[in-house]
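**Q** okay, predicted coordinates and the sequence, questions at the end:
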Amino acid sequence: MAKPSTKVWDIEKHTEAKHAILKRYLQAWFPILSSFNDRILYIDGFAGPGEYSNGEPGSPIIALETAIDAARDNKRKTNAEILFLFIEKDKERCEHLESLLAGRTLPHNIKYIVECGKFDETLKSSLDQIDIQKKSLAPTFAFIDPFGISDTPFSIIERIVKFKRCEVLITFMSGFINRFKNHPNAI
């Protein structure tokens, strides 16, 4: 799919499949990590507007609702703080996501930040502050799902996974790779 030029757009089948995988994984990740840690972090590096043209939830809403369900699950009560960092560089999409989230009532232990900016620049700044303070990143799940080819340097991802209990799910469209695999300069 080409990068959409509108604030919201129709959801595609491959996106529905990605969201199903993400939700299923987070249904286990949130309860397990929040049982053993005081704070956990979910990062959505390319958050988008939070919904699609027919109201289907986007990855930020799916992740947030999955965490809320996990926090309310009587079998695994937790007081762990669950932080969400939603990063979106498109101002209109960022504002749309903020408006979707503003109307929600969240459990006391779930908090979010919507950051309007580029994923790599935003995360580099946050990671630099952690390094300066000689702190450690809380156990983290980072969902990195850019449109097409992203100029995100792999060094940012490397910095995330160097911390204990940090995971990254990166998606990419195989069509973009296949298009260039027979290029004469391909490795």
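**A** Noted; the coordinates are in hand. Residues are numbered from 1 along each chain as shown.

**Q** residues contacting S99?
**A** Residues in contact with S99 (CB atoms under 8 Å, 6 or more residues apart in numbering): none are found. Placement of C-beta: from N, CA and C, glycine included.

**Q** how about it, phi and psi?
**A** phi -70, psi -40 (degrees, to the nearest 10).

**Q** E51 versus that one, what's the distance?
**A** 10 Å (CB to CB, to the nearest Å).

**Q** mind checking the longest helix of this protein?
**A** Using DSSP state H, we find that the single longest helix of the chain is helix 13-36.

**Q** centre of the chain to the helix or strand following that helix, how far?
**A** Using DSSP states H and E, the helix or strand that follows helix 13-36 towards the C-terminus is strand 39-44. Relative to its chain's centre, strand 39-44 lies at 8 Å (CA atoms, centre = their mean, to the nearest Å).

**Q** go on, stretch 98-112?
**A** 16 Å.

**Q** other SSEs contacting the longest helix of the chain?
**A** Using 3 or more CB pairs under 8 Å, 6 or more residues apart in numbering; DSSP states H and E as the contact test, the elements touching helix 13-36 are strand 39-44, helix 59-72, strand 140-144, strand 166-170.

**Q** now the ones you listed in a markdown table, with distance to L127 and mean neighbour count?
**A** What follows is the helices and strands packed on helix 13-36, written out as a markdown table (distance: least, CB to CB, whole Å; neighbours: other CB atoms under 10 Å):
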| stretch | distance to L127 | mean neighbour count |
| --- | --- | --- |
| strand 39-44 | 11 | 23 |
| helix 59-72 | 20 | 21 |
| strand 140-144 | 11 | 22 |
| strand 166-170 | 11 | 15 |
